[in-house]
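Chemist: here is a sequence together with a model predicted from it:
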Amino acid sequence: MVMFVAVKFVVTCCFFVLSFCLSAQESDARLWLYAKLEKKFGKKLETSLLVQNRFEDNFVSYSQFNLNPEITYKINRSFRLVGGLVQGFSKKKEGYFLPYHQFYVGGQFRYQLGVFKLVYRHLVQAQSTAGYNREKAEILRWYDRNKLTVRYSLTRRFEPYFAGEFNLCLFDPSRQLGDISRYRTFIGLTSQLRKNLDLDTYFMYQQRLAGEAAGSRQFVYGVTIVYFLD
């Protein structure tokens, strides 16, 4: 019964957002397929490797590949330090894939409120761009990233959630300090398939507010498989 309710929740949300996408202008439906490995070392240190595959143009064009190793250190029950990097390859209009890099460091705050869990993540991120002019592309752009997630413990195996995220510009030659470059909203469901295997399915709405893609909207359907190593 619980599984039926959880599946119905996801399917209902998908039909709702799909109809929203089809009626939207200047928008693009995308598919993100991720695989993640996680490994704990003792009670405080955790590492992970996330492999990202992204499709755009209504799912038909493979547009991006990323490798994202990350390390998390638990300070106490409520606070964790987070750091990681991304080596990515992004497809240009001409069909070529060009590299770019991201580096980030920050903290994560967690608070349990009954059946709800609140997670706030704050990161400072530096990134290059995937451009043909490598001298300009290697100039690091700095952003302040903020994300709040609210999770609901439906059962031990199913956890629906929603989240909101926005990026503030700290340094970018084409933008002003403090500009909100983009924001995202999520609705999703994390399911425990086995003791060491989770499935995360979600829908994300993204709008860009600055740069060449200002005003564009993306409707992202995401699936992430998470495997926990012993």
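Modeler: Happy to help now that I have it.

Chemist: and the helices in this structure?
Modeler: All helices of the chain, identified by DSSP state H, fall at 2-23, 134-137.

Chemist: weakest of those helices in terms of mean pLDDT?
Modeler: The weakest mean pLDDT among the helices of the chain belongs to helix 2-23, with a mean of 45.

Chemist: local confidence estimate at Leu118?
Modeler: So Leu118 comes in at 97 (pLDDT).

Chemist: where does the chain dip in pLDDT?
Modeler: Residue ranges of the chain with pLDDT under 70: 1-26, 132, 210-214.

Chemist: repeat that with 80
Modeler: Within the chain, the segments meeting pLDDT under 80 span 1-27, 130-138, 173-178, 208-216.

Chemist: and the top strand by length along the chain, which strands flank it?
Modeler: Using DSSP state E, we find that the single longest strand of the chain is strand 97-113. Next to strand 97-113 in the sheet, as set by DSSP bridges, lie strand 79-91 (antiparallel), strand 116-127 (antiparallel).

Chemist: and it, what's buried?
Modeler: 98, 100-102, 104, 106, 108, 110 (16 or more other Cβ atoms under 10 Å). Yep, even glycine has a C-beta here, placed from its N, CA and C like the rest.

Chemist: picking up where we left off before, next, format the strands paired with strand 97-113 as JSON lines and append mean neighbour count and distance to Leu189.
Modeler: Shown next, in JSON lines, are the strands paired with strand 97-113 (neighbours: other Cβ atoms under 10 Å; distance: least, Cβ to Cβ, whole Å):
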{"stretch": "strand 79-91", "mean neighbour count": "16", "distance to Leu189": "23"}
{"stretch": "strand 116-127", "mean neighbour count": "16", "distance to Leu189": "14"}
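
Chemist: would a markdown table of those strands with distance to Arg54 be doable?
Modeler: As requested, the strands paired with strand 97-113 are exported to a markdown table (distance: least, Cβ to Cβ, whole Å):
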| stretch | distance to Arg54 |
| --- | --- |
| strand 79-91 | 9 |
| strand 116-127 | 16 |
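
Chemist: ok, which of the ones you listed comes nearest Leu140?
Modeler: For Leu140, the closest of these is strand 116-127, at 4.4 Å, according to Cβ to Cβ.

Chemist: for Leu229, state which of the buried residues of strand 97-113 is nearest.
Modeler: Out of these, the member with the shortest distance to Leu229 (by Cβ to Cβ) is Gln108, at 20.7 Å.

Chemist: quickly list what the closest one is bridged to.
Modeler: Beta-bridge partners of Gln108, as defined by DSSP bridges: Arg80, Arg121.

Chemist: picking that back up, hmm, who's touching the longest strand of the chain?
Modeler: 65, 72, 77-92, 117-132, 137, 145 (Cβ atoms under 8 Å, 6 or more residues apart in numbering).

Chemist: quick check, distance from it to the centre of its chain.
Modeler: Distance, stretch centre to chain centre, for strand 97-113: 9 Å (Cα atoms, centre = their mean, to the nearest Å).

Chemist: identify the bridge partners of the closest residue in space to Ser216 that isn't next to it in sequence.
Modeler: In space, and not counting its chain neighbours, Ser216 is closest to Arg208: 5.2 Å by Cβ to Cβ, 6 or more residues apart in numbering. Here Arg208 sits in beta bridges with Arg182, going by DSSP bridges.

Chemist: return the residues in contact with Arg208.
Modeler: Arg208 makes contact with 181-182, 214-217 under the criterion Cβ under 8 Å, 6+ apart.

Chemist: circling back: rebuild the buried residues of strand 97-113 as CSV, extending it with distance to Tyr221.
Modeler: What follows is the buried residues of strand 97-113, written out as CSV (distance: Cβ to Cβ, whole Å):
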residue, distance to Tyr221
Leu98, 25
Tyr100, 23
His101, 27
Gln102, 23
Tyr104, 25
Gly106, 27
Gln108, 25
Arg110, 27
